[in-house]
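Model the structure of this input:
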Amino acid sequence: MAALRATLGSLRFAGAKAFPVRSFAPAFRCFSDLRFAPTHEWFKAEGDSATLGISDFAQGQLGEVVYCELPDVGAKFKSKDTLCTLESVKAVGEVYAPVDCEVTAVNEKLQDEPATVNESPEDEGWLVKVKFTGDTGSLMDRAAYEKHLESEKTEE
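Residues are numbered from 1 along each chain as shown. Below you'll find the model as predicted:
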């Protein structure tokens with residue numbers, strides 16, 4: 001995965017310039033049951049609830065996260081709505097809801113330790129927990145997501 005990350009182009013966050021991929025590989029636990037949106041959010045379903053965050057690729061593109069603006073518990077979002085924003089030393093990145101959902105919890109740890117998103121993006125750096133409705137069929141498994149990253153590289 002680190003070699004793939006090091007060879008990929010760049011990711012564009014809303015209102016930000018493209019920037020190069022970081023070439024280090026942070027240590028994080030990798031869930032095999034994660035699903036991914038084309039916009040680099042991950043989704044881990046647990047019944048009709050799910051945990052959401054950004055992919056390791058996305059955190060690498062964003063750079064060191066210094067602030068997380070998370071939604072309020074109870075907030076409702078439609079698929080593709082801006083769910084929250086992550087501020088880094090490089091840019092401000094928008095995180096989109098991959099499905100229709102209602103926020104049931106936010107990762108309070110990120111208020112004091114926003115860099116957790118970088119250190120453990122697909123585990124301890126989760127952003128929100130939601131109750132979701134709607135179809136998750138458009139979300140990709142890890143293998144399909146890695147192919148998606150390759151296709152983004154060839155488009156640049």
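
What is the least confident helix or strand in this structure?
Every helix and strand in the chain was compared by mean pLDDT, DSSP states H and E; the lowest is helix 2-7, with a mean of 35.

and the gap between Ser120 and Ala50?
Note on Ser120: its distance to Ala50, by C-beta to C-beta, to the nearest Å, is 18 Å. Every residue, glycine included, has its C-beta placed from N, CA and C.

What segments of this protein are helices?
Assigned by DSSP state H, the chain shows helices spanning 2-7, 56-62, 109-112, 116-119, 142-155.

Ok, which of the ones you listed comes nearest Gly74?
Closest approach to Gly74 among these is made by helix 109-112 (17.8 Å; C-beta to C-beta).

mind listing what Arg35 touches?
Contact analysis of Arg35 by C-beta atoms under 8 Å, 6 or more residues apart in numbering lists Trp42, Phe43, Lys44, Ala45, Pro98, Thr136, Leu139, Met140, Asp141.

circling back: more crowded one of Ser120 and Ala50?
Set Ser120 next to Ala50 and count neighbours by other C-beta atoms under 10 Å: Ala50 wins out with 21 against 18.

Could you give the bridge partners of the more buried one?
Ala45, Val130 (DSSP bridges).

Nearest residue to Pro71 in space, please, no chain neighbours.
Sequence neighbours aside, Val103 is the residue nearest to Pro71 in space, at 5.1 Å (criterion: C-beta to C-beta, 6 or more residues apart in numbering).

want to throw the helices of the chain into a markdown table with distance to Lys78 and mean neighbour count?
Formatted as a markdown table, the helices of the chain follow (distance: least, C-beta to C-beta, whole Å; neighbours: other C-beta atoms under 10 Å):
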| stretch | distance to Lys78 | mean neighbour count |
| --- | --- | --- |
| helix 2-7 | 31 | 13 |
| helix 56-62 | 21 | 24 |
| helix 109-112 | 23 | 14 |
| helix 116-119 | 24 | 20 |
| helix 142-155 | 22 | 14 |
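
Right, I'll call it a day here.
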